[in-house]
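J.: I would like to see how this sequence folds:
(chains A and B)
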Amino acid sequence: MKLVVGPFNRVEGDLEVTLEVEGGVVTEARVNAPLYRGFEVMLQGRDPRDALVIMPRICGICSISQSVAAARALGAAMGLEPTPEGADMAALIHAAENVADHLTHFHLFFMPDFARPDYVARPWHAQAVERFTAMEGSAQRQAIAARAELLHVMGLLAGKWPHTLAIQPGGVTRAPGLREKARLKATLRAFRRYLEGVLFGGPLEEFAALPTVEALMGWGRGDVGLFLRIAADLDLRALGRGAGRYMSFGAYPRAGGPVFKAGLWEGGAEALDPARITEDLSHAWMEGAPAHPYDGETRPDGAMAEGYSWCKAPRLSGRPVEVGALARMVVDGHPLGLALAGSGVLGRVAGRLLELARSQPVMEALVEGIVPGAAYMARGEMPAQGQGAGLVEAARGALGHWLRIEKGRIANYQIIAPTTWNFSPRDAGGVPGPLEAALVGARAGVEVQHVVRSFDPCMVCTVH
Amino acid sequence: MNLIWLQAAGCGGCTMSLLCAESPGALEMLADAGIKVLWHPALSVETGEEARAILEDAAEGRIPLDILCVEGAVARGPGGTGRFQMLSGTGQSMMAWVQRLAARARHVVAVGTCAAYGGVTAAGGNPTDAVGLAYDGARPGGVVPQPVVNIAGCPTHPGWVTETLSLLAAGEAVEVDGLGRPRFYADHLVHHGCPKNEFYEYKASATALSEIGCMMENLGCIGTQAVGDCNIRPWNGEGSCTRGGYPCISCTAPGFEDPTHAFVETPKIAGIPVGLPTDMPKAWFMALASLSKAATPARIGQNARADRVVVPPTLRKK
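T.: A predicted model of the protein is given here:
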């Protein structure tokens, strides 16, 4: 039996999932990203600096990630690195967005499904209804308020959120002083109070030190505890398992290297070679041959004849990879991250919570490191010819921008977003993307909802 | 008051910005205004079949629709089919859904510059033939026949959206300007309350991003012409574009996405910026500018070129 699920909401952007179902269980899944806007085409022929205005507007939820990727790609073409202090402020702005996104995902997108009447007989249902009913749950309201206050970091350092121009190849446009430092500290202290008092119900450092899945499942406190109780009851660890092949470009580059490591992981750490990335167009409504993004093109097939999605199929060494917070925690070698490798819905959501707990001290340290009088911006010249890549970690995983400049104008611009990896269609060999593979074996109905949302898809980024 | 919110061809950032509303939060403010959100793609529990039923009921007039909010431009391509954005699971384009629901709605609200005029989705040759709901750029056009409240901005300030919706829900008039924008924010210029005003007075200009001087002369800032109360009511606590150290690009205006120059560079003819304030005679502006430039106090001149205040105001001796 064929089942089309859409509009698939509580994801960022447009998503349609087509399922083959036998005996109530998914045997095959096809994922369609039904919106095409053509950002890569828009940029052609423009002043390279315009990318910093246009590209963040691909996405209203990971706008900063797009800013940072564009700034890094331009910087690479210019041969310009941000000053160490500028890189740190960009990292702080970026971390605040990623943390806000994790909060939005957990409370607004993922948890409301457990308040559905499907689960009325479960012992935790009443609590899930009270805390997570869409638009009314008490936890939702608290999270939205905490998020809005956390994003004061943006008002202070980035002007506004989303869609800032504060992040530049050489650093950031606003140099913070001691007054800003004091204010940022106050904002982060309030956010820690929320995380420890409400979401985690205990010290973040204690959560981040949990070494095993068993220890995690015994956490028992806060809304995290409620989620873990649900996860144990419904065996969300086994639901929607991934192939266990994870990639991270490395999060928050600082002078001494990224805060969370870059790499590839498949049963063990492997080196990552971005030159081995290609995009396959066999099942996308796109024309052209498979290519590395430096040589990639974006030519939509208006007839929509061959294929089933606007999404291209990125592959690393010819194979799909899963990206996201779990991938980052695995690649970084965190004990709990490694223990969750290969797990399904539980792993992806717990990976995000683990990263949330680990990101708060990172943000605090970045604020502590503010030095009044330091240079927050380096200057450079835009070359007439050149190319560069910006490889960063958005909340949802590895994000890459690849651009080429000719005669002082953008000659080509290609983007591979996290959800392009996770929600890719099949490739020429018929190999499904990570979500398509993870859905096989799920029961049609609310289980499909859990698996899809466990990836925290951002569909507006996916096709752009 | 029943409200349906659709996300057409855009980035979803106006919803993300809306959730930054404070005192009270967005959900509280809508509920307090008596607005019932029948469906919102990012917030509602209903998905798939359940969501289709709500949309179909509203489109067929089986449930009353008071306010239709659309975020994102309407992609008319390829070839007028609207198939660059299909509303998933329905086999119909978003364009068709916008038209069907708008025909039933008492009020239609375009949230963001994309929905108002096409915006960034229409940038760079407009690959998807995108338009606003009632405007194609600055010209009346689009895909729905009735008047639309254009809450332009990229993104919209949360207050612009919550206040427009509260006014509509209360049965109050939302006065709009010549481009359909609510006058309560469109009667202001981004220049009003800009912390760089003293630099502007003397044309003490920043020459590169990170310098704190006025960004009009060199860095593309058009806050003197752009509508918005961005520097009167701040963003995300205490922010605005110019407070963040980067130029206003007039994101509330149709066509902002395709200036004739780089966004962060002021176009000049013979060293004189083009596009001076619209309601001031050019000769007067030039005369005043050259006079004030010559009169620039050292404090202002030095600070304009630094990345923080290096010379404090002089204290009056008693």
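
J.: helix or strand with the lowest mean pLDDT in chain B?
T.: The helix or strand of chain B with the poorest confidence is strand B:272-273; it has a mean of 84 (mean pLDDT, DSSP states H and E).

J.: partner strands of it, parallel or antiparallel?
T.: strand B:268-269 (antiparallel) (DSSP bridges).

J.: report the secondary structure state of whichever residue of the stretch 201-318 of chain B sits closest to chain A.
T.: In the stretch 201-318 of chain B, the residue that lies nearest chain A is B:G244 (2.2 Å; C-beta to the nearest C-beta). (Each C-beta comes from the backbone N, C-alpha and C, glycine too.) Secondary structure assignment for B:G244 (DSSP: H, G, I helix; E, B strand; the rest coil): coil.

J.: pLDDT wise, what is residue 100 at?
T.: Using chain A. At A:A100, the model reports a pLDDT of 98.

J.: actually, chain B is the one I wanted.
T.: 98.

J.: that one belongs to a strand, doesn't it?
T.: No: counting by three-state DSSP, one finds B:R100 to be helix, located in no strand.

J.: just after the least confident helix or strand of chain B, pick out the following helix or strand.
T.: helix B:282-294 (DSSP states H and E).

J.: the next helix or strand after that next one: which residues count as buried?
T.: Next along the chain after helix B:282-294, taking DSSP H and E as the criterion, comes helix B:298-304. Buried residues in helix B:298-304, counted by 16 or more other C-beta atoms under 10 Å in any protein chain shown: B:R299, B:I300, B:G301, B:N303, B:A304.

J.: stretch A:140-155 too?
T.: A:140-155.

J.: please apply the same query to stretch B:9-26.
T.: B:9-22, B:25-26.

J.: likewise for stretch B:306-318?
T.: Per 16+ other C-beta under 10 Å, stretch B:306-318 contains these buried residues: B:D307.

J.: please verify my assumption that A:T419 contacts A:V463.
T.: No: A:T419 sits out of contact with A:V463 when judged by C-beta atoms under 8 Å, with a separation of 9.1 Å.

J.: so what sits against both of these two?
T.: Counting by C-beta atoms under 8 Å, 6 or more residues apart in numbering or on different chains, the residues touching both A:T419 and A:V463 are A:A33.

J.: these two: which is more packed in?
T.: A:T419 (35 against 31; other C-beta atoms under 10 Å in any protein chain shown).

J.: my read is B:L3 is in a helix, agree?
T.: No: counting by three-state DSSP, B:L3 is not part of a helix but strand.

J.: quick check, central residue of the chain?
T.: Answering for chain A, as no chain was given. A:R396 (1.2 Å; C-alpha atoms, centre = their mean).

J.: the intended chain is chain B.
T.: B:G153 (0.6 Å).

J.: state the distance from that residue to B:V70.
T.: 14 Å (C-beta to C-beta, to the nearest Å).

J.: B:E46 now?
T.: From B:E46 over to B:V70 (counting by C-beta to C-beta), the distance is 18 Å.

J.: which one's more surrounded, those two?
T.: Neighbours per residue, other C-beta under 10 Å: of B:E46 and B:V70, the larger number sits with B:V70, 31 against 19.

J.: packing partners of the helix or strand where that one lies?
T.: B:V70 belongs to strand B:67-71 when elements are defined using DSSP H and E. Other elements packing on strand B:67-71 under the criterion 3 or more C-beta pairs under 8 Å, 6 or more residues apart in numbering or on different chains; DSSP states H and E are strand B:2-7, helix B:94-102, strand B:107-111, helix B:113-117, helix B:158-169.

J.: apply 6 Å and report the result again.
T.: strand B:2-7, helix B:94-102, strand B:107-111 (3 or more C-beta pairs under 6 Å, 6 or more residues apart in numbering or on different chains; DSSP states H and E).

J.: thinking again about what came up before, of all the buried residues of helix B:298-304, which two lie farthest apart?
T.: B:R299 and B:A304 (9.6 Å; C-beta to C-beta).

J.: tell me the strands beside the strand holding B:V70, with direction?
T.: In its sheet, and by DSSP bridges, strand B:67-71 pairs with strand B:2-7 (parallel), strand B:107-111 (parallel).

J.: could those strands go into a markdown table alongside mean pLDDT and mean neighbour count?
T.: Below are the strands paired with strand B:67-71 laid out as a markdown table (pLDDT from 0 to 100; neighbours: other C-beta atoms under 10 Å in any protein chain shown):
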| stretch | mean pLDDT | mean neighbour count |
| --- | --- | --- |
| strand B:2-7 | 98 | 24 |
| strand B:107-111 | 98 | 27 |
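
J.: how about those strands, which one is nearest A:R299?
T.: Here strand B:2-7 is closest among these (C-beta to C-beta), at 25.6 Å.

J.: kindly export that closest one (C-alpha atoms) in CSV.
T.: Only the C-alpha atoms of strand B:2-7 are listed here, as CSV (Å, rounded to 0.1, in the frame of the first residue of the first chain):
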residue,chain,number,x,y,z
ASN,B,2,-9.7,31.9,13.3
LEU,B,3,-6.3,32.2,11.8
ILE,B,4,-4.4,30.0,9.3
TRP,B,5,-0.8,30.6,8.6
LEU,B,6,0.9,29.3,5.4
GLN,B,7,4.6,29.2,4.6
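
J.: state the next helix or strand along the chain beyond it.
T.: Next element after strand B:2-7 (DSSP H and E): helix B:13-18.

J.: thinking again about what came up before, surely the residue nearest to the centre of chain B touches B:A253?
T.: No: if you go by C-beta atoms under 6 Å, B:G153 and B:A253 don't touch, sitting 9.8 Å apart.

J.: noted, bye for now.
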